[in-house]
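Trainee: A structural model of the following input is requested.
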Amino acid sequence: MFNKNKTHMTTKQKYAVILGNLGNTCDRFLSSGYKDVPGRDELLDQAAAIDGVTGIELVATWDITRETAPHMKKMLASRNLRCASIIPDLFSRKCWGKGSICSADAAVRKLALEEITSSVDMAHELECDLLNVWPGQDGYDYCLAADYLEERAWLADSIQKAACYAESKGVRLALEYKMKEPRTHSYLARAADTLLVALESGMDNVGVTIDTGHAFLAYENVAESIAILSRAGNKLFHMHFNDNYSSWDDDMIVGSVRLVEYFEMLYWLEKTGYAGWYSMDQYPYREDGCGAVRSSVLFLQRLQTILDRVGTPAVEALIRRRDPVATAAFIRENLIAGAA
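Mentor: Numbering: from 1, shown residues only. All right, here's what the predicted structure looks like:
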């Protein structure tokens, strides 16, 4: 099951952004948001203007439908942008209130599966090979109010059926995990239990998305999660980048809270040969969305420049010393001085 042969490969980073993050993001206190609502063309223009960004993630029904997919393909091409992933909407509709692919209602589970397969068709139309699947409403809120075995069986069955259809279209499914919100407990909560679902599917085209903020919320060290997914057969399919204070999914500018953890995860992404997208997933409620995404990309690019200058062999040698004092000196001499 697990691949112990580590792959050493340097990849060129591909940066993307979830389209809606550039617009008017809303919270539960002001459903209309704090900013004006820009048009889709304007959002795409903003994304194309961010140095390094070449990919766009689109939410099904929000940004794209089967009918609009051909037009969206033209709009992306005219701006030299690619579709990085399609995100099925399994979280923002009333019908998913008590679950989507884990719902106790078989009709709702069927509808959720149709939402995923429809998104696969859109991805295929846009020559995109990835679906980012976040079943945010699938979980529970109270003890003694869920059948964990039955609902996880529905989860596995739905993912396997969706993966079989996606495989026929050359599309992969990346399962995104989050410990809580909107439910108090999510069935895809951490890297390891999401990996178990991917492996249980028995499908090579099912893997995991790490959202850095979701991982921080779950008290994970993202670098270790990257290594775990690598050992399991390169099951890291996608990356979402943002930052928070570990108590909530704040979706802040990358690097606004953390520095060393991001440097370490970039090292492990390179060491394990990750070749997927570095996608920005933020909710800039009040700040300029384009500026926030640009800041995140610049932060990651600067850290990557430092890693390239220092060299992965030097970082590996440091890790092998297992000496926190030497690590502290490395941080002072390279990350702090090098970031100036």
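Trainee: the strands in this protein, which residues?
Mentor: 14-18, 53-59, 82-87, 130-133, 139-140, 172-176, 185-186, 206-211, 236-241, 277-280 (DSSP state E).
Trainee: all helices of the stretch 51-200 of the chain, in order?
Mentor: 69-78, 106-125, 148-168, 191-201 (DSSP state H, counting those that start in this stretch).
Trainee: what residue is smack in the middle of the protein?
Mentor: residue 240 (3.3 Å; Cα atoms, centre = their mean).
Trainee: I'd like to know how far that one sits from residue 214.
Mentor: 8 Å (Cβ to Cβ, to the nearest Å). To be clear about C-beta, it is placed using only N, CA and C from the backbone, and glycine gets the same treatment.
Trainee: Have a look at the chain and report the helix or strand with the lowest mean pLDDT.
Mentor: Counting by mean pLDDT, DSSP states H and E, the chain has its least confident helix or strand at helix 337-338, which shows a mean of 56.
Trainee: Show me the beta-bridge partners of the residue nearest to the centre of the chain.
Mentor: residue 211, residue 279 (DSSP bridges).
Trainee: My guess is it contacts residue 216. True?
Mentor: No - the criterion here is Cβ atoms under 8 Å, and residue 240 misses it with residue 216 at 11.7 Å.
Trainee: between the two, what contacts are shared?
Mentor: Common neighbours of residue 240 and residue 216 are not found (criterion: Cβ atoms under 8 Å, 6 or more residues apart in numbering).
Trainee: remind me which residues of this structure are low pLDDT?
Mentor: Applying pLDDT under 70 to the chain flags the ranges 1-11, 337-340.
Trainee: just to revisit the earlier point, I'd like the strands of the chain as a markdown table, with distance to residue 221 appended.
Mentor: Shown next, in a markdown table, are these (distance: least, Cβ to Cβ, whole Å):
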| stretch | distance to residue 221 |
| --- | --- |
| strand 14-18 | 23 |
| strand 53-59 | 25 |
| strand 82-87 | 25 |
| strand 130-133 | 22 |
| strand 139-140 | 23 |
| strand 172-176 | 18 |
| strand 185-186 | 20 |
| strand 206-211 | 11 |
| strand 236-241 | 14 |
| strand 277-280 | 18 |
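Trainee: Out of the ones you listed, which is closest to residue 123?
Mentor: strand 82-87 (4.5 Å; Cβ to Cβ).
Trainee: Quick check: which helices or strands does the closest one pack against?
Mentor: Helices and strands touching strand 82-87, as assessed by 3 or more Cβ pairs under 8 Å, 6 or more residues apart in numbering; DSSP states H and E, comprise strand 14-18, strand 53-59, helix 69-78, helix 106-125, strand 130-133, strand 277-280.
Trainee: at 7 Å what do you get?
Mentor: On a contact count with 3 or more Cβ pairs under 7 Å, 6 or more residues apart in numbering; DSSP states H and E, strand 82-87 meets strand 53-59, helix 106-125, strand 130-133.
Trainee: Quick one: work out the angle between the second one and strand 82-87.
Mentor: When you say that, I think you mean helix 106-125. Interaxial angle, helix 106-125 versus strand 82-87 (axes from the mean of the first three to the mean of the last three Cα atoms, to 10 degrees): 180 degrees.
Trainee: Give me the buried positions along helix 106-125.
Mentor: 108-109, 111-113, 115-125 (16 or more other Cβ atoms under 10 Å).
Trainee: Give me the contacts around that helix.
Mentor: With contacts defined as Cβ atoms under 7 Å, 6 or more residues apart in numbering, helix 106-125 is touched by 60, 64, 66, 69-70, 73, 86, 88-90, 95, 99-101, 103, 130-131, 133, 154, 158, 161-162, 165-166, 169, 171.
Trainee: now do the shortest one
Mentor: The set of residues external to strand 130-133 that reach it, using Cβ under 7 Å, 6+ apart, is 57, 84-88, 116, 119-120, 123, 166, 171-176, 209, 237-238.
Trainee: Distance check, residue 243 against residue 253.
Mentor: According to Cβ to Cβ, residue 243 stands 6 Å off from residue 253.
Trainee: Same question for residue 159.
Mentor: When residue 159 is compared with residue 253 (using Cβ to Cβ), they lie 32 Å apart.
Trainee: quick one, which of these two is more surrounded?
Mentor: residue 159 (25 against 22; other Cβ atoms under 10 Å).
Trainee: Quick check: which of the strands of the chain is nearest to residue 257?
Mentor: strand 236-241 (12.4 Å).
Trainee: between that closest one and strand 14-18, how many degrees?
Mentor: Using the same axes, to 10 degrees: strand 236-241 against strand 14-18 is 60 degrees.
Trainee: got the CA positions of strand 236-241 in CSV?
Mentor: The C-alpha coordinates for strand 236-241 follow below in CSV (Å, rounded to 0.1, in the frame of the first residue of the first chain):
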residue,chain,number,x,y,z
LEU,A,236,-1.4,14.7,-2.7
PHE,A,237,-3.3,15.9,-5.7
HIS,A,238,-3.9,19.6,-4.9
MET,A,239,-2.9,22.5,-2.6
HIS,A,240,-4.9,25.4,-1.3
PHE,A,241,-2.9,28.2,0.5
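Trainee: Cool, thanks, signing off.
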